[in-house]
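Q: Sharing a model prediction with you, sequence too.
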Amino acid sequence: MIVMMRRKIKLNLDEVKEFVTTASRCDFDIDVSYNRFIVDAKSILGVLGLDLTRPLTVSYNGYDPEFEKMMNNLAMAV
């Protein structure tokens, strides 16, 4: 059983395309949110519509080694 994961990340404009491409390869849903706005992580327009100057919350309930590697690189220190 996979538990719903929630991680805080920081994205800059140069990282958005790679993030969306990696998320799109996953066979599970991935949401990115800031405040009350929630978008599909597989939508480049959705992700670009968020305030990239703020920490974003990524929620997902699957596992993909490549996606986890990217999440570890983008994760914010808690």
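A: Happy to help now that I have it.
Q: Could I get the full set of strands for the protein?
A: Here the chain has its strands, by DSSP state E, at 5-9, 30-34, 37-40, 56-60.
Q: who touches residue 31 in this structure?
A: Residues in contact with residue 31 (Cβ atoms under 8 Å, 6 or more residues apart in numbering) are 38, 39, 40, 41, 58, 59, 60. Every residue, glycine included, has its C-beta placed from N, CA and C.
Q: Buried among those? Make that a PyMOL selection.
A: Here is the PyMOL command that picks out the buried ones among the contacts of residue 31, judged by 16 or more other Cβ atoms under 10 Å:
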select buried, resi 39+40+41+58+60
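Q: export the contacts of residue 31 to JSON lines and tack on pLDDT and distance to residue 29?
A: Output for those, formatted as JSON lines (pLDDT from 0 to 100; distance: Cβ to Cβ, whole Å):
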{"residue": "38", "pLDDT": "96", "distance to residue 29": "11"}
{"residue": "39", "pLDDT": "98", "distance to residue 29": "12"}
{"residue": "40", "pLDDT": "98", "distance to residue 29": "8"}
{"residue": "41", "pLDDT": "98", "distance to residue 29": "8"}
{"residue": "58", "pLDDT": "97", "distance to residue 29": "11"}
{"residue": "59", "pLDDT": "97", "distance to residue 29": "9"}
{"residue": "60", "pLDDT": "97", "distance to residue 29": "7"}
